[in-house]
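[1] Just to be clear, the model below is a prediction. Sequence and coordinates:
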Amino acid sequence: MKEWFTLSELAEAKLPDMPWTVKGYDKYVLRNGWRAHSAKVRKREGREGGGGFEYHLSLLPGPARQKLAF
């Protein structure tokens, strides 16, 4: 099972009770302090042009995690 996701992947998944756009996720990440969890956030590797982050599944609320599990 996949454990790390980009904001684009999360937005595409249309998770329950979560934003449906990358911009919405950007705001959600800042508001909920996801980047302060250094063990659950990592810089994305191999991306042309650099930049970007991946977020661990455990940062998401239960219903969103459950949807991603299937």
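    Yep, that arrived.

[2] count of residues packed around Lys2?
    Here the number of neighbours of Lys2 (other C-beta atoms under 10 Å) works out to 8. Quick note: C-beta positions are derived from backbone N, CA and C, even for glycine.

[3] er, Ser58 actually
    10.

[4] correct me, but it touches Lys40?
    Yes. The pair Ser58 and Lys40 passes the contact test of C-beta atoms under 8 Å, sitting 6.1 Å apart.

[5] where in this structure is pLDDT low?
    The chain contains residues with pLDDT under 70 at 46-51.

[6] same thing but at 90, please
    By pLDDT under 90, the low-scoring segments of the chain are 1, 44-52, 69-70.

[7] now the helices for it?
    With helices called from DSSP state H, the chain shows them at 7-13, 22-32, 62-69.

[8] who's in contact with the last one?
    What it means is helix 62-69. The contact list for helix 62-69 (C-beta atoms under 8 Å, 6 or more residues apart in numbering) reads 1-2, 5, 13, 15-18, 57-58, 60.

[9] measure stretch 8-20 end to end?
    Start-to-end span of stretch 8-20 (C-alpha to C-alpha, to the nearest Å) is 9 Å.
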